[in-house]
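Undergrad: Just the structure for this:
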Amino acid sequence: MVIQSVKLHEVNKPLVVEQTTLPPPPPGHVTVEVYFAGLNFYEFMVIAGKYPIKSDTPMTIGGELSGEVTAIGESVADFHIGDRVFSFAQTGKGTTGSFATYANVDTKYLYHLPESLSLETGAAFPMIFFTAYTMVTQKVQMKDSSIVLVHSAAGGVGSALVQFIRALHPLSTIIGTYSDSKKEKVLKNSGVDIPINLKSKDLFAEITNKFPAGIDIIFDPVGQSLVDTHLKLLKSLSGTWCSYGAYSGAIDDTNLVGKLRSKNGTLAGFLMWPLIENKEWCQNQFSHIVTIMKEHHLLPKIDKIFSLGQVNQAFHRLEERKNVGKILLSCSKNSI
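TA: Numbers count the residues shown, from 1 in each chain. Okay, here's the model as predicted:
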């Protein structure tokens, strides 16, 4: 089958949309007509050559998609032609690449999309809602009285964290950081109690002026640049620092454990990739997530939808942190 796909030929170079041939689905795989694909920050790091795990090039970018099954490989029993689906896979593993008009997907990373969810939501919610829900419910011990710091609170995972915290712990206090002045009103309207602009405010001073005893929970996608600040902000005895990213660089502090011990603080880590290998566990997580979405009327915030041909503009918007919520690609043949 001749398809259009987004190729990375060399790191730190523009992506290229090109025509290629997609083979029939191998055993255990299905072919999906891709309607929408989700952009994630780790993919920007892959493209920029900054991701810790290096990938071979050329490669088709993308692991997260929504669409419809069009062909079935051998040994596939759970999916049928015409099924609406979403994928929960990593770029370069489990799929031929979601930034394409069609993709072959290993059914280990494929799920049925509930009828209650649109195809746009199907591409927007898997990674950000899975990450946020798992951290809020299983990586930290949150109470309604908790004081919580959410970095990049207008981004994909950040906005999802705010939604789940508000839904499950409505009386908690949420501090949300941002770097674009246009996002302050958005954060206040979304449930953030105290928005802090990192470009114009001192994070430590702003928080300690209001909460001199420190804060209970930090959700940290930043990494190295804020290590000392986070250590000082963490509440003694009960504080938990949940690290789930490192866009400023990996944490490289040989004395970190000793510093945490001095505050009797807890460091929790979250990495999605080992978890997605356990489909039964992930299916259970998604069942809980969809239930909460229905009960609390939660939907992922979709910032903007670009065509495949606009993929470089889409990643530039993500890099510049202009997005409020998730950026999607429309991958249909008519949107190239």
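
Undergrad: Would you indicate which residues of stretch 41-51 are buried?
TA: 41-47, 51 (16 or more other CB atoms under 10 Å). C-beta coordinates here come from the backbone N, C-alpha and C atoms, glycine included.

Undergrad: can you list contacts of it?
TA: 8, 11-12, 15, 55, 61-62, 91-92, 155-156, 221, 245, 247, 315, 318-319 (CB atoms under 8 Å, 6 or more residues apart in numbering).

Undergrad: And Phe79, how far from Phe86?
TA: For Phe79, the distance to Phe86 equals 12 Å [CB to CB, to the nearest Å].

Undergrad: hmm, back to that, just the contacts of stretch 41-51: which are in strands?
TA: If you go by DSSP state E, the contacts of stretch 41-51 have Leu8 in strands.

Undergrad: circling back: between Phe79 and Phe86, which contacts overlap?
TA: Leu110.

Undergrad: Mind pulling up the pLDDT for the spatially closest residue to Leu299 that is not a sequence neighbour?
TA: Distances taken as CB to CB, 6 or more residues apart in numbering place Thr121 nearest to Leu299, at 6.1 Å, with adjacent residues excluded. On pLDDT, Thr121 comes in at 98.

Undergrad: what's the answer for Lys54, then?
TA: 70.

Undergrad: Spit out the contact partners of it.
TA: Applying CB under 8 Å, 6+ apart to Lys54 gives no contacts.

Undergrad: ok so, going back, pull up the gap between the residue nearest to Leu299 and Ile289, please.
TA: 12 Å.

Undergrad: likewise Lys235?
TA: 29 Å.

Undergrad: what about Glu184, how many residues close to it?
TA: Per other CB atoms under 10 Å, the neighbour tally for Glu184 reads 16.

Undergrad: List the contacts of it.
TA: Here Glu184 is in contact with 178, 195, 197 (CB under 8 Å, 6+ apart).

Undergrad: pull the CA atoms of the helix or strand encompassing it into CSV?
TA: Using DSSP states H and E, Glu184 sits in helix 184-190. What follows is helix 184-190 as a C-alpha-only set of coordinates in CSV (Å, rounded to 0.1, in the frame of the first residue of the first chain):
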residue,chain,number,x,y,z
GLU,A,184,-2.3,33.0,33.1
LYS,A,185,-6.0,33.4,32.5
VAL,A,186,-6.3,30.0,31.0
LEU,A,187,-4.7,28.4,34.1
LYS,A,188,-7.0,30.3,36.5
ASN,A,189,-10.0,29.2,34.5
SER,A,190,-8.8,25.6,34.4
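
Undergrad: how far is that helix from where the chain is centred?
TA: How far helix 184-190 lies from its chain's middle: 20 Å, per CA atoms, centre = their mean, to the nearest Å.

Undergrad: wait, Gly269 sits on Tyr244?
TA: Yes: using CB atoms under 8 Å, Gly269 is in contact with Tyr244, at 7.4 Å.

Undergrad: For Phe36, give me phi and psi.
TA: Phi and psi for Phe36, reported as degrees, to the nearest 10, are phi -140, psi 150.

Undergrad: Which strand residues bridge it?
TA: Beta-bridge partners for Phe36, by DSSP bridges, are Ser66, Ser330.

Undergrad: now do Leu8
TA: Listed by DSSP bridges, the beta-bridge partners for Leu8 are Met59.

Undergrad: Would you confirm that it contacts Thr91?
TA: No: look at Leu8 against Thr91 with CB under 8 Å: they stay out of range, at 9.0 Å.

Undergrad: before we move on, back to that, what's the PyMOL syntax to select whichever of the contacts of stretch 41-51 are buried?
TA: Those of the contacts of stretch 41-51 that count as buried under 16+ other CB under 10 Å are selected in PyMOL with:
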select buried, resi 8+15+55+61+62+91+92+155+156+221+245+247+315+318
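
Undergrad: Let's see which of the contacts of stretch 41-51 end up in helices.
TA: 156, 315, 318-319 (DSSP state H).

Undergrad: which residues touch the lengthiest helix in the chain?
TA: Longest helix in the chain by number of residues (criterion: DSSP H): helix 279-296. For helix 279-296, contacts defined as CB under 8 Å, 6+ apart pick out 88, 108-109, 111, 114, 116-117, 125-126, 129-130, 133-134, 137, 163-164, 167-168, 275-276, 298-299.

Undergrad: Which strands or helices does the helix or strand just after that helix pack on?
TA: Later in the chain than helix 279-296, the nearest helix or strand by DSSP H and E is strand 302-307. Counting contacts by 3 or more CB pairs under 8 Å, 6 or more residues apart in numbering; DSSP states H and E, strand 302-307 is packed against helix 119-124, helix 311-319, strand 326-330.
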